[in-house]
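Student: give me coordinates for this.
(one chain, ligands or ions: 4)
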Amino acid sequence: MVVSPKVFFDDCYGVYGIAAVNVFTMEQILGLFRAGQKANAPFIVQLTPVARDYAHAKMLSAMIGAASRCYPNAVYAVHLDHGNETHAFDAIDSKEYQSVMIDASHDDFETNVTRTRSVVSRAHEHNIMVEAELGVLAGVEDDVSIAEEDSSYTKPSEVARFVKETCCDSLAVAVGTSHGAYKFSGGQGIQFHILEKIQEKLNGFPIVLHGGSAVNTEEIERINRYGGQLARGAAGVSTDELVKSIKYGVCKINIATDTRLLWARVHREFFGDEPELFDPVIPGRKYMKEYERFMLNKFDLLGATGKA
Ligand code: G3H
Ligand code: 13P
Ligand code: NA
Ligand code: ZN
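Tutor: Ligands and ions are numbered 1, 2, ... in the order given. Below you'll find the predicted structure:
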C-alpha cells in the first residue's frame, strides 16, 4: 500500500526511523519490497535523477507498482531524491510520487528559499510532500562531487526561518555525514551538538539524514579480497550513531552506498568463485536475498520492524 511519508513521520518522530533507499534496478526493488513486507516495516523507495535516466522514469514507476502487487502488504512511499525543479515538476505531474526533494542547498539562503518555495507551491496543490535541504554535504552522490572544503554544516540559527519561509515538509541537514563510502575516514562522526540545536529550533519537525550508509568493514574487506580496490579509509555511520540520531528528530535515513557495496561484493565473489558461469540470474538471486537480509537488519536497527 502506498502512503504519504507524512503518515510515517507523524508516527515515528523520536521513536523509530524510516529507511529511504535509493533503487536503480529490478533486483533492488524486489529485495526492498520483500524485506518491507516480511518485516512489516514502512519504507521509502527513492529515485534519483540518475536512476530515472538510467532505468527510465516510467520503467522505475512501473516496476515499483508491480512490486507492490507482488508484495501487497508492503507499506511504502515513493520519493524523488536530489531533484531540481525540472525533475520535481515532472515527478509531481506524473502522480507517481508522494514526495519530492528539491536540492537547492548549494545556492545561497535566499535562492534556496525561492527555489524550494516554487516546488512547494506546486507539490502542495497535489498533496505531495517536499523535502528541502539546508547545509551542504561532502562526498560523491551520483554524478555530483562536493569537496570537503566546499561542504558546510547546517546553521541551527537558520533552520526555523527556512522552514517557515518555504513551507517545506521535512528538512535534510548537514551534520557531518557525507555521501559515498568515505564519510568518516577521519573518525569525525555525526555532530550531535549541531543536530541537537537544530532539533530545538525545529520543535518536532521531521529531519532527514542523508549519507546514512554504514559502510560495513567486512563488506569492504570481502570486495578487496576479490580484486576490489576500495581504500582502507572507507567508513560510514556507526549503528550507535544512527540509532541515537532518531532521538534527535531524524525521521528519514537515506541509504544508497551500502546497497552498492553489497552488489559489488556479491558479484565479485560470484565471478571469482564461479569462473565458468555466466548467467545473470545466479548472482541476481543471491543479491536479492542478501539485499533482503540487509534491509531486515536495517529495519530492526531503526526500530521500524512491525510498524507498518
Ligand atoms: O543521493 C543519491 C545517490 O544515489 C546517493 O549516492 O550512495 O553514492 O552517495 P551515494
Ligand atoms: P549514502 O551514500 O550514505 O548511502 O547516502 C545516500 C543518500 O543520502 C541518498 O540521498
Ligand atoms: Na545537496
Ligand atoms: Zn543524499
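
Student: residues of the stretch 1-150 of the chain that sit close to ligand 2?
Tutor: Residues of the stretch 1-150 of the chain found near ligand 2, taking C-beta under 6 Å from any ligand atom as the criterion, are N22, D81, H82. Placement of C-beta: from N, CA and C, glycine included.

Student: save these as CSV, and put in pLDDT, distance to G249 and secondary structure too.
Tutor: Formatted as CSV, these follow (pLDDT from 0 to 100; distance: C-beta to C-beta, whole Å; DSSP: H, G, I helix; E, B strand; the rest coil):
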residue, pLDDT, distance to G249, secondary structure
N22, 98, 22, strand
D81, 98, 20, strand
H82, 97, 21, strand
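
Student: quick check: of these, which has the highest neighbour count?
Tutor: When those are compared by neighbour count (other C-beta atoms under 10 Å), D81 ends up highest, at 29 neighbours.

Student: quick check: closest non-adjacent residue to the residue of the stretch 51-200 of the chain found nearest ligand 3.
Tutor: Nearest residue of the stretch 51-200 of the chain to ligand 3: S105, at 3.8 Å (C-beta to the ion). Leaving out its chain neighbours, the residue that sits closest to S105 by C-beta to C-beta, 6 or more residues apart in numbering is E133, at 3.9 Å.

Student: before we move on, what about L60?
Tutor: L47 (5.5 Å).

Student: what separation is there between that neighbour and ligand 4?
Tutor: The gap separating L47 from ligand 4 is 12 Å, by C-beta to the ion, to the nearest Å.

Student: related to what we said a few turns ago, so the residue nearest to S105 sits in a strand?
Tutor: Yes - the assignment for E133 by DSSP: H, G, I helix; E, B strand; the rest coil puts it in a strand.

Student: wait, doesn't it sit right on A172?
Tutor: Yes - taking C-beta atoms under 8 Å as the definition, E133 is a contact partner of A172 at 3.9 Å.

Student: what residues are shared contacts of these two?
Tutor: Counting by C-beta atoms under 8 Å, 6 or more residues apart in numbering, the common neighbours of E133 and A172 are M101, D103, S105, V208, H210.

Student: residues from this protein in reach of ligand 3?
Tutor: Contact residues (C-beta under 5 Å from the ion) of the chain with ligand 3: D103, S105, E133.

Student: what about F109, neighbour count?
Tutor: 15.

Student: thank you kindly, that will do.
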